[in-house]
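1. Need the 3D shape of this:
(2 chains)
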Amino acid sequence: MSEAIRLKTPLSDADVEKLKAGDKVLLNGVIYTGRDAAHKRLFDLLQEKKPLPVDLKGQVIYYVGPAPAKPGQVIGSAGPTTSGRMDAYSPKLMEMGLKGMIGKGMRKKEVVEAMKKYKAVYFAATGGAGALLAKAIKKAQVVAYEDLGPEAINRLEVEDFPVIVVNDTQGNDLYDEGMRKYAR
Amino acid sequence: MREVNAKQITEVVKKLCIDANLYLGEDVLAAFDRGEKMEESPVGKEMFQQLKENARIAREEKVAMCQDTGLAVVFVELGQEVHIVGGDFNGAINEGVRQGYQEGYLRKSACHCFSRANTKDNTPAVIHLEIIPGDKVKITVAPKGGGSENMSTVTMLSPSEGVEGIKKRVVDWVKQAGSNPCPPVVVGVGIGGTFEQTALMAKKALLRPLGQKNPDPQLAALEQEILTRVNNLGIGPQGLGGRITAMAVHVEMIPCHIASFPMAVNINCHAHRHKEAVI
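-> As a prediction, this is how the structure comes out:
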């Protein structure tokens, strides 16, 4: 594996187009949390042609429902949740300018196609390493849907948040490639 | 008759909820060490290193190892000589879960099925009770994350499919789950009984120390064969490709109806969390 690529959010088309499945990336800047319930609300707003609480242009959404912060902590454990549950909503969000998604697990073909069409990428963070990943989160603030508790949308400031590109803008898939390489 | 106060049950459940989520078992840490050595994929090795580092941070800083601190699955073996006093038994367990998830800064992940509104205290717990001889109460708390639980199944096979049918279903199922349940996983397999019993056996199989073989040599051989086949899939740690897709396969079996051949697969993520105590 090559050296990690350091990227600053928000991401441009050029930023994501140079990423290839298998690249290690260290994300810096602002990312937003969002999982099942928040995605449904964002999607419903778009269906009703209403404005979103967050402008998604160039942004990255992290599929996470963090554990509560202990006193003195910025955030509790914060590892990725299974991304497939967001598949129904993701193409629409990419159409609105979303450039990156962070989660774990496979995406549907329609989502991979939307990444090619709208120029976006899907990153995997290490599932189950929530205590470790929380260390890269320097600030956390709820910006929408506080009533959803762990599913609220948070604005996170991250430093060298470690991810791996699974799906790039060319339609490549690291899960497929990795499995083929090691299957017996 | 030995009296056990409901408050004591609450205290024990509370502590087990916290401990299970903060302190990864020695059996799992040893499996991470073995996995890191055996894994051929460089990125797979790195995943094992990250998981070890994650467990260290959780242990030393007393924080949850994973943000998904699960639904609280509670197994109780209640001695028939025990008389519970000072409160109701199920209420005492749920109160322990409530206090443990609050005081341990654990995420509350229980919600209404339709509205998806969070119950805000991680109750109700999932309680499995068994009455056994003696005057002790053994409580095991196994917090179960959603990602791995979603990758589980019950199948009513035809007896004609035989043991090969079992092997094929488990391997196909792990393949289909792919990267979703946070591999390297532990695979629990229940065989026999009825529809609901086989599912419970698959879950109970996950309570065994990681890699401890079934005492029945035939089932131990089946565990090994399925493990080899699963690891030949190439899914690897986190699904990024590699040798170690599962760290262990645990099979439990009981007799079934002459017309039936039920089986269930319950997958645990690499955290393989459970803690027990005896009152």
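2. need the contact list for the residue of chain A found nearest chain B.
-> Closest to chain B within chain A is A:Gly178: 2.1 Å, counting by C-beta to the nearest C-beta. All C-beta spots, glycine's among them, are computed from the backbone N, C-alpha and C. Shown in contact with A:Gly178 (C-beta atoms under 8 Å, 6 or more residues apart in numbering or on different chains): B:Ser41, B:Val43, B:Gly234, B:Ile235, B:Gly236, B:Gly239, B:Leu240, B:Gly241, B:Gly242.
3. Can you lay out those residues as JSON lines showing neighbour count?
-> Listed next are the contacts of A:Gly178 as JSON lines, based on neighbours: other C-beta atoms under 10 Å in any protein chain shown:
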{"residue": "B:Ser41", "neighbour count": "20"}
{"residue": "B:Val43", "neighbour count": "19"}
{"residue": "B:Gly234", "neighbour count": "19"}
{"residue": "B:Ile235", "neighbour count": "30"}
{"residue": "B:Gly236", "neighbour count": "28"}
{"residue": "B:Gly239", "neighbour count": "30"}
{"residue": "B:Leu240", "neighbour count": "26"}
{"residue": "B:Gly241", "neighbour count": "26"}
{"residue": "B:Gly242", "neighbour count": "29"}
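4. export those residues to a markdown table and tack on pLDDT and distance to A:Arg184?
-> Formatted as a markdown table, the contacts of A:Gly178 follow (pLDDT from 0 to 100; distance: C-beta to C-beta, whole Å):
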| residue | pLDDT | distance to A:Arg184 |
| --- | --- | --- |
| B:Ser41 | 95 | 13 |
| B:Val43 | 94 | 18 |
| B:Gly234 | 96 | 7 |
| B:Ile235 | 97 | 12 |
| B:Gly236 | 96 | 12 |
| B:Gly239 | 96 | 17 |
| B:Leu240 | 96 | 17 |
| B:Gly241 | 96 | 12 |
| B:Gly242 | 97 | 12 |
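5. just to revisit the earlier point, and the helix or strand containing the residue of chain A closest to chain B, C-alpha only, in CSV?
-> Taking DSSP states H and E as the definition, A:Gly178 sits inside helix A:174-182. Output of helix A:174-182 as CSV, limited to C-alpha atoms (Å, rounded to 0.1, in the frame of the first residue of the first chain):
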residue,chain,number,x,y,z
LEU,A,174,-11.8,-2.6,-3.2
TYR,A,175,-14.1,-5.2,-1.5
ASP,A,176,-14.4,-7.1,-4.8
GLU,A,177,-10.7,-6.7,-5.7
GLY,A,178,-9.5,-7.7,-2.2
MET,A,179,-11.7,-10.8,-2.1
ARG,A,180,-10.6,-11.9,-5.5
LYS,A,181,-7.0,-11.6,-4.6
TYR,A,182,-7.2,-13.8,-1.5
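6. Where does pLDDT dip in chain A?
-> In the predicted model, chain A carries pLDDT under 70 at residues A:1-2.
7. Could you measure from A:Gly149 over to A:Leu42?
-> Going from A:Gly149 to A:Leu42 by C-beta to C-beta, to the nearest Å gives 17 Å.
8. Neighbour count for the two, which is higher?
-> Ranked by neighbour count (other C-beta atoms under 10 Å in any protein chain shown), A:Gly149 and A:Leu42 place A:Leu42 first, with 24 against 18.
9. got a list of what that one touches?
-> For A:Leu42, the contact set (C-beta under 8 Å, 6+ apart) comprises A:Gly34, A:Leu52, A:Tyr89, A:Leu93.
10. Could you double-check that the first one lies in contact with A:Ile61?
-> So that's A:Gly34. Yes: contact criterion C-beta atoms under 8 Å: A:Gly34 and A:Ile61 qualify, at 4.8 Å.
11. Looking at those two, which has the bigger crowd around it?
-> When A:Gly34 and A:Ile61 are compared for neighbours, A:Gly34 comes out ahead with 29 against 26, by other C-beta under 10 Å.
12. quick one, phi/psi of that one?
-> phi -180, psi 130 (degrees, to the nearest 10).
13. Tell me how many other residues crowd B:Gln218.
-> Residues lying near B:Gln218 (other C-beta under 10 Å) number 11.
14. And the residue lying closest to B:Ala55 once chain neighbours are set aside, how close does it get to B:Phe48?
-> Spatially, and ignoring its direct neighbours in sequence, B:Ala55 is nearest to B:Leu24 (4.3 Å; C-beta to C-beta, 6 or more residues apart in numbering or on different chains). Between B:Leu24 and B:Phe48 the distance is 13 Å, computed by C-beta to C-beta.
15. how far is the helix holding A:Gly178 from where the chain is centred?
-> Once both centres are worked out by C-alpha atoms, centre = their mean, to the nearest Å, helix A:174-182 turns out to sit 21 Å from its chain's centre.
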